[in-house]
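Make a model of this:
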Amino acid sequence: MEQVKGFLRRKNIVFSARRYGIDALGAMAQGLFCSLLIGTILNTVGSQFHIGFLTAQVVTINKVGYTIGGMASFMSGAAMAVAIGYALQAPPMVLFSLATVGYACNALGGAGGPLAVLFVAIIATECGKAVSKETKVDILVTPIVTILVGFGAAWFIAPPIGAAASAFGQLIMRATLLQPFWMGILVSVLVGVALTLPISSAAICSVLGLTGLAGGAAVAGCCAQMVGFAVMSFRENGWGGLVSQGLGTSMLQMPNIVKNPRIWIAPTAASAITGPIATCLFKLEMNGAAINSGMGTCGLCGQLGVWTGWMSPSETALANGAAAIAPTAMDWAGLLLISFILPALLCPLINALCRKAGWVKVGDLTLS
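Numbers count the residues shown, from 1 in each chain. Predicted coordinates:
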């Protein structure tokens with residue numbers, strides 16, 4: 001047993017919830033961001049503003065033409081797998097081999113491809129790390145083992161994992177349609193909390209394929225956390241804190257939440273309010289790439305997702321019955337209120353009540 005532990009330690013193979021559930025999941029979201037999300041944005045900007053080089057088909061594969069954005073989205077599986085390998089500190093030969101594994105796994109996983117890639121890339125990475133530099137023909141052994149293990153795992157587990165993730169996402173979206181008030185609260189609060197925790201709300205939304213009303217509720221929850229923390233901590237953190245939390249991430253407040261969990265009351269309560277307002281009053285749907293549902297105001301990706309969904313719904317959204325629309329003044333008002341105005345008003349108000357009750361004190365929200 002000690003020999004096994006020593007071998008795993010030497011190979012930097014660590015079986016832990018943090019490494020797989022936080023580091024790998026967060027990296028997967030970054031891979032998705034740099035491929036699927038950026039590709040969607042480039043395609044939408046190109047088509048809406050008639051930018052020739054963004055709308056031109058630059059590559060043809062199997063008689064299918066791809067734009068620059070389309071090609072970026074096409075490579076999302078490879079990008080996710082390489083990002084996961086990087087988070088797991090894979091050696092170069094393993095890391096480069098994961099591009100093939102990720103592409104194949106994402107294709108086999110269908111609508112739930114991202115979740116399948118997460119599991120398969122972890123398995124392939126750890127097996128590749130185990131054999132890396134153990135033979136004199138490492139340049140052959142390491143990529144062969146990584147690719148074969150990855151393909152084998154993908155072949156067996158990607159389709160059922162993808163089907164399960166897709167079915168669960170469909171269940172959430174249908175439940176939101178049937179019970180927009182209660183599910184609006186539930187989805188908004190849970191996804192918002194996930195955004196602030198050191199896990200990836202973006203990856204979760206992408207894995208589940210959350211679009212439509214459920215995606216809108218998720219956007220509301222994320223914005224309540226980011227804008228809420230940014231505005232209600234302005235006294236302590238000033239403009240730098242406003243930008244870093246409002247356009248970056250509310251995760252910066254996690255050390256303060258650990259010290260005093262009650263500072264989380266205001267943004268979480270705000271998300272419970274804005275979620276059903278989004279689903280019931282404004283019928284806010286997020287029909288862009290599902291990853292946008294978990295981005296909030298980070299780089300304004302949540303808002304870009306809603307806009308792209310209006311103009312050109314993603315494949316996932318189209319499969320769920322979405323259609324392009326011409327946004328009305330009500331649509332724009334809902335987006336602005338849910339994303340910025342209501343969180344900026346509600347969170348400081350609720351937090352003032354918490355301060356009055358002695359639950360939150362001056363300095364509790366100061367970023368280190």
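
what stretches of the stretch 51-200 of the chain score poorly on pLDDT?
Scanning the stretch 51-200 of the chain with the threshold set as pLDDT under 70 gives 111-112.

now the helices for it?
52-55, 68-74, 76-87, 92-109, 113-131, 138-178, 180-196 (DSSP state H, counting those that start in this stretch).

can I get those in TSV with distance to Gly6?
For the C-beta atoms, the positions are set from N, CA and C on the backbone; glycine is no exception. Listed next are the helices of the stretch 51-200 of the chain as TSV, based on distance: least, CB to CB, whole Å:
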stretch	distance to Gly6
helix 52-55	53
helix 68-74	42
helix 76-87	23
helix 92-109	20
helix 113-131	13
helix 138-178	20
helix 180-196	36
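
got TSV for these, with distance to Trp264 and mean neighbour count too?
As requested, the helices of the stretch 51-200 of the chain are exported to TSV (distance: least, CB to CB, whole Å; neighbours: other CB atoms under 10 Å):
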stretch	distance to Trp264	mean neighbour count
helix 52-55	41	14
helix 68-74	35	20
helix 76-87	26	27
helix 92-109	34	23
helix 113-131	27	26
helix 138-178	23	18
helix 180-196	7	24
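
Which one of those helices lies nearest to Asn12?
Of all the helices of the stretch 51-200 of the chain, helix 113-131 sits nearest to Asn12, with 6.6 Å by CB to CB.

about what we covered before: how about the helices of the stretch 51-200 of the chain, which one is nearest Thr279?
Judged by CB to CB, the one of those that comes nearest to Thr279 is helix 180-196, at 3.6 Å.

quick one, phi/psi of the most far-flung residue of the chain relative to its centre?
The outermost residue of the chain relative to its centre, with distances by CA atoms, centre = their mean, is Lys136 at 40.3 Å. The phi/psi pair for Lys136 (degrees, to the nearest 10) reads phi -80, psi -10.

quick one on the thing from earlier: between the helices of the stretch 51-200 of the chain, which one is nearest to Ala24?
Proximity to Ala24 (CB to CB) singles out helix 76-87 among the helices of the stretch 51-200 of the chain, at 4.9 Å.

Please export the C-alpha coordinates of the closest one as CSV.
Taking C-alpha atoms only, helix 76-87 is exported to CSV below (Å, rounded to 0.1, in the frame of the first residue of the first chain):
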residue,chain,number,x,y,z
SER,A,76,-15.0,23.0,-27.7
GLY,A,77,-14.4,19.3,-26.7
ALA,A,78,-10.7,19.6,-27.4
ALA,A,79,-10.5,22.9,-25.5
MET,A,80,-12.3,21.5,-22.5
ALA,A,81,-10.1,18.4,-22.3
VAL,A,82,-6.8,20.3,-22.6
ALA,A,83,-8.0,22.8,-19.9
ILE,A,84,-8.9,19.9,-17.6
GLY,A,85,-5.5,18.3,-18.2
TYR,A,86,-3.8,21.6,-17.5
ALA,A,87,-5.7,22.0,-14.2
